[in-house]
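Peer 1: can't give you the sequence, but here's the structure:
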C-alpha cells in the first residue's frame, strides 16, 4: 500500500512512518515543522536529540534500502495539500498533523484560535483533497480519548445505541471535551462523519489515549532514527513526565486528587494500530471509530507504577490542578475494535518502564526543570507558557 | 439592560435590535456587512430594498427618539471585538454574526473553510472577550435546529438524559448536522459549553428553526426600517421562497420527496424569543439551550399551506434534492423552554401569509428568477453558486 503520513516528523508520526515502511508499505511523510517551532516558543527541546527529517529519511534509506518520501508544507495551504495528494497518490492517509497539546491550546485566545483553525482547516483541506482527487483514499485520523470527557456512562467506540422515550437510534457518542485542543478534534470528528455521509469517503477515527514510551524496533536501530521525548508541562504527557521526574530525583507531581482516570497506550502499540487500520480500511461511506487504548489507569496508579519501578526512592506530590476536570469519576471504555483486527497489547506492567529510565538517565542533563511546572491555568483566559 | 447585537444589520439582527430598543433596552449593533457582500458574489439582492445601517439607525432615532449605537467591524478581528465589548459594556450579547446559509457553505472548499473559520473564530473571540472583560455578560447565541439533524429519537433542548448499561448521565444531545454551515454551529455549541464549564460564563444557545416572515411592528413603522427578504436558492429559506414562487406564477419547488420535516418560527416570535432570553439570563456557569421553534411541518405541508393561501392557482413541483438528507423521518422536538419564559407563538395558520404575498407583489419586479434554482450539489465537493 501507499501510505501518506501527515505530521510524519512528530513524536508518533515518525515511528509510524518507519513501521509502515518496515512492514513493506510505500511511505511518504508531510510536515511543516510546527512542532519543532513550539519548542522555540517554550524554550525547551525533546529530551532525546532528534535529527532533521531529511537526515532521518536518509539514515533509514542507508540502513534498510527503503525510501520514505518527504513533502514539506502546511496542510492549511490547500494548494500544497492537493498537490501532495495528487503527486503521491496514496491508498491511505494517516493524519497526525495537528497541534496536539491541551495546555498549549489553553495559553490564551491566540493559542486557542490557532489550535482550532490549524486543526480544523487542515483537516477540511485533507477531506476536500480526498473527495476531489480520489474518494477511495482511506483517511486514518488521529482523534483523542479526551473527546469524550468523563461521562458517567461507559464510553463506546464513537457511536452509541440510545433508547429514548420508547424509540431507538444509533447516534454519535456525545462529546464533552476538556480543552480547546480536545474540542478541535471533536470538530474534526463531526466534519469527517459528514464527509463520509455526503461524499461516501471512508474514514477511521482513532480516539487515542495517553501515549507513553519512546522506542520502537525501528527507531531503536540507530540513534539518528530516534523520535521526540517531551518532558515539559505543555507537551510532555503524564507517564513520560513522571519517569523524568523520578530520574531527576524530583517528586512526581499529580494534578489534584489523582483519581483522574485515562486510557493509555504504549508507542509500539500505536504504530501497530495504525498499520492495522490501514490494512483493514473502513468501507466506502463508513465513519469508523476505534478507541486506541490498551488499558486505563488513574494518575495515582500511574504514579505508583513509576514509584515501584524506580531504583531510587521517589516521592509523590499533589499540586493544585491547573485543569478543570473531574478528579473522581466513572471511567469504563470499550476498546475491542483494534484487538479484533489483531492488536496484541503491550501493557504497562511489561518491561517497558526500565527502558524509559535508561533513556532518561542518558539525557537527563538536557532537562530544563522549570519547564516541568504547570503555568497554564484553565480557569484563566490568559496565562504565560513558562518561567 | 444594555444589549449588543452582533450581526445587527442582518435579516434577524436588525429587527431584533429595533425590538429590544422599542421595549426599553439600550442597544448597539455590530456588523461587518459580510451578508451584503454575499449578495454581490451571487448577483442578487434582498427582494425588499434595505437602507444602509447608518440610515436605518438615523431613521429609528428620528421616529422614536431612541438611539441604536453602531460598531462597524469584524469579530474575527479580536482587537475590534474586545474594544467594542469594553466600550459598550453590555449586560447581554446577542450573537447573530455568522455566515448562516447551508448552501453557501457547500459551494466548495473555500466556502466551507470560510464558513467554519469565520463562525468558529468569531465566536471564540466573543467568548474570550466576555471572559477577559466581564464574565457576567450573558451570551445569547443563535444556533440552529439543523445541529441535531434528524435522529430517530425525540429531540430535547440541548441535553439528553441517557441510560446506558445500567448507568445514567445527562449529556449534550448528540449532533449530526447536514452541512458545513450547520457543523460550524455544532462546533460553536461545544466551544460555548466548555467556556461555561471552565470560566463560569452564562450562555443561552438558541437552536432556531427555519424563520419566515419579513415584518415586525417596528420594521413596519417606516419603509426605511425594512429588513431583508431573501428569495434566492442560497440564502432564501423555504417558506419565503415558496411565497415568491407563488406570486411569480412559478411552481413551488420541493427538493425530493418533501417529507423533510423542520421546525419553523415566525420573525415576530424570533425577536420576542431573544428579548425573553436576554431578560431571563442563564445562571453563571450554565449552558442553557432552547429549541427556538413554534411548530414543525414537512416541506409538503408548507407547500400546501402556500397553495391554499395563494389567490392564484399554484403548482407544486418536485425537483431532484441537491442536499443529502432523509426525506422521510421521525421528527418530534421539545420546545417548551421559551414558552415557559412567556413566548406566545404566532402560528403559520394565523394571518401572516397574506402580508407576505403583499410584500412580494410590491417588489416582484426585483426578482432574478434564475437565482431561485439550486445549483449547489451536496454530493459534489465543488459547485458553482448560480447561473
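Peer 2: That came through, no problem. Note that the structure is a prediction, hence the values are computed from the model and not measured.

Peer 1: which non-adjacent residue is nearest residue A:122?
Peer 2: Among residues not flanking residue A:122 along the chain, residue A:75 sits closest, at 3.6 Å (Cβ to Cβ, 6 or more residues apart in numbering or on different chains). For the C-beta atoms, the positions are set from N, CA and C on the backbone; glycine is no exception.

Peer 1: Neighbours of residue A:181, how many?
Peer 2: Counted by other Cβ atoms under 10 Å in any protein chain shown, the residues lying close to residue A:181 total 24.

Peer 1: wait, what's in contact with it?
Peer 2: If a contact means Cβ atoms under 8 Å, 6 or more residues apart in numbering or on different chains, then residue A:181 has A:99-102, A:104-106, A:115, A:119, A:146 as its contacts.

Peer 1: Same question for residue A:214.
Peer 2: Residue A:214 makes contact with A:48, A:226-229, A:240, A:267, A:355-356, A:359, according to Cβ under 8 Å, 6+ apart.

Peer 1: three-state assignment of it?
Peer 2: coil (DSSP: H, G, I helix; E, B strand; the rest coil).

Peer 1: ok, it to chain B distance?
Peer 2: 32 Å (Cβ to the nearest Cβ, to the nearest Å).

Peer 1: the helices in chain A, which residues?
Peer 2: For chain A, the helices defined by DSSP state H occupy A:13-22, A:34-42, A:53-64, A:78-88, A:102-105, A:109-133, A:180-199, A:238-247, A:267-279, A:299-309, A:337-340, A:352-363.

Peer 1: Of those, which is nearest residue B:210?
Peer 2: Nearest to residue B:210, of all the helices of chain A, is helix A:180-199, at 20.1 Å by Cβ to Cβ.

Peer 1: Relative to chain B, which residue of the stretch 201-350 of chain A is the closest?
Peer 2: The minimum distance from the stretch 201-350 of chain A to chain B, using Cβ to the nearest Cβ, falls at residue A:324 (4.4 Å).

Peer 1: re earlier: in the contacts of residue A:214, find the pair that's most separated.
Peer 2: For the contacts of residue A:214, the maximum inter-member distance is 15.9 Å, found between A:228 and A:355 (Cβ to Cβ).

Peer 1: Looking at these two, which one has more neighbours?
Peer 2: Taking neighbours as other Cβ under 10 Å, residue A:228 and residue A:355 compare with residue A:228 leading, 22 against 14.

Peer 1: Now for that one: which residues touch it?
Peer 2: By Cβ under 8 Å, 6+ apart, the residues touching residue A:228 are A:10-11, A:14, A:35, A:46, A:48, A:50, A:214.

Peer 1: Of those, which is the most crowded?
Peer 2: Counting by other Cβ under 10 Å, top hit in these: residue A:14 with 31 neighbours.

Peer 1: which ones are touching it?
Peer 2: Neighbours of residue A:14 in contact, by Cβ under 8 Å, 6+ apart: A:8, A:29, A:53, A:56, A:219, A:227-228.

Peer 1: Now the buried members of those.
Peer 2: A:8, A:29, A:53, A:56, A:219, A:227-228 (16 or more other Cβ atoms under 10 Å in any protein chain shown).

Peer 1: Quick one: those as CSV, columns for pLDDT too.
Peer 2: Converted to CSV, the buried ones among the contacts of residue A:14 look like this (pLDDT from 0 to 100):
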residue, pLDDT
A:8, 98
A:29, 98
A:53, 98
A:56, 98
A:219, 98
A:227, 98
A:228, 96
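
Peer 1: Next step: these restricted to strands.
Peer 2: Those of the buried ones among the contacts of residue A:14 mapping onto strands are residue A:29, per DSSP state E.

Peer 1: Name the nearest of the buried ones among the contacts of residue A:14 relative to residue B:178.
Peer 2: Taking Cβ to Cβ as the measure, residue B:178 lies nearest residue A:8 of the buried ones among the contacts of residue A:14, at 34.0 Å.

Peer 1: give the contact list for the residue of the stretch 201-350 of chain A closest to chain B.
Peer 2: A:178, A:378-379, B:197-198.

Peer 1: OK, contacts around residue A:73?
Peer 2: A:30, A:32, A:80-81, A:84.

Peer 1: now residue A:311
Peer 2: By Cβ under 8 Å, 6+ apart, the contact list for residue A:311 reads residue A:357.

Peer 1: From residue A:37, how far out is it?
Peer 2: Relative to residue A:37, residue A:311 is positioned 36 Å away (Cβ to Cβ, to the nearest Å).

Peer 1: And residue A:78, by the same measure?
Peer 2: Taken as Cβ to Cβ, the span from residue A:78 to residue A:37 is 21 Å.

Peer 1: same deal with residue A:303?
Peer 2: Applying Cβ to Cβ, the value for residue A:303 to residue A:37 is 32 Å.

Peer 1: Among those two, which residue is more densely surrounded?
Peer 2: Taking neighbours as other Cβ under 10 Å, residue A:303 and residue A:37 compare with residue A:303 leading, 26 against 10.

Peer 1: My guess is the more buried one contacts residue A:242. True?
Peer 2: Yes - taking Cβ atoms under 8 Å as the definition, residue A:303 is a contact partner of residue A:242 at 6.0 Å.

Peer 1: Now do the shared contacts for those two.
Peer 2: residue A:252.

Peer 1: Phi and psi next, for the residue lying farthest from the centre of chain A.
Peer 2: For chain A, the C-alpha farthest from the mean C-alpha position belongs to residue A:166; by Cα atoms, centre = their mean, that distance is 39.0 Å. Dihedral pair for residue A:166: phi 80, psi 0, per degrees, to the nearest 10.

Peer 1: residues contacting it?
Peer 2: Counted by Cβ under 8 Å, 6+ apart, residue A:166 has zero contacts.

Peer 1: before we move on, what about residue A:180?
Peer 2: Residue A:180 is in contact with A:105-106, A:111-112, A:115-116, B:124, B:191, B:194, counting by Cβ under 8 Å, 6+ apart.

Peer 1: can we see that at 10 Å?
Peer 2: A:99, A:102, A:104-107, A:109, A:111-116, A:119, B:124, B:127, B:190-191, B:194-195, B:198 (Cβ atoms under 10 Å, 6 or more residues apart in numbering or on different chains).

Peer 1: How about residue A:169?
Peer 2: Residue A:169 neighbours (Cβ under 10 Å, 6+ apart): A:160-163, B:150-153, B:174, B:176, B:330.

Peer 1: who wins for most neighbours among the residues you listed?
Peer 2: Counting neighbours by other Cβ under 10 Å, residue B:151 comes out on top of the contacts of residue A:169 with 24 neighbours.

Peer 1: I'd assumed residue A:366 was in contact with residue A:39.
Peer 2: No - contact criterion Cβ atoms under 10 Å: residue A:39 and residue A:366 do not qualify, at 11.9 Å.

Peer 1: and for these two, which residues touch both?
Peer 2: When Cβ under 10 Å, 6+ apart defines a contact, the residues bordering residue A:39 and residue A:366 alike are A:45-46.

Peer 1: ok, the residue nearest to residue A:153 when sequence neighbours are not counted - how many residues close by?
Peer 2: Among residues not flanking residue A:153 along the chain, residue B:164 sits closest, at 4.1 Å (Cβ to Cβ, 6+ apart). Using other Cβ under 10 Å, residue B:164 has 19 other residues around it.

Peer 1: Can you tell me who residue B:164 pairs with across the strands?
Peer 2: Using DSSP bridges, the beta-bridge partners of residue B:164 come out as residue B:167.

Peer 1: ok, it - contacts?
Peer 2: A:151-156, A:160-163, A:173, B:171.

Peer 1: and it, what pLDDT?
Peer 2: Looking at residue B:164, its pLDDT is 98.

Peer 1: what does the one 5 residues further on give?
Peer 2: Residue B:169 is assigned 98 on the pLDDT scale.

Peer 1: ditto for residue A:386
Peer 2: pLDDT at residue A:386 comes out at 64.

Peer 1: cool, and residue A:312?
Peer 2: Residue A:312 is assigned a pLDDT of 89 by the prediction.

Peer 1: Residue B:368 versus that one, what's the distance?
Peer 2: For residue A:312, the distance to residue B:368 equals 79 Å [Cβ to Cβ].
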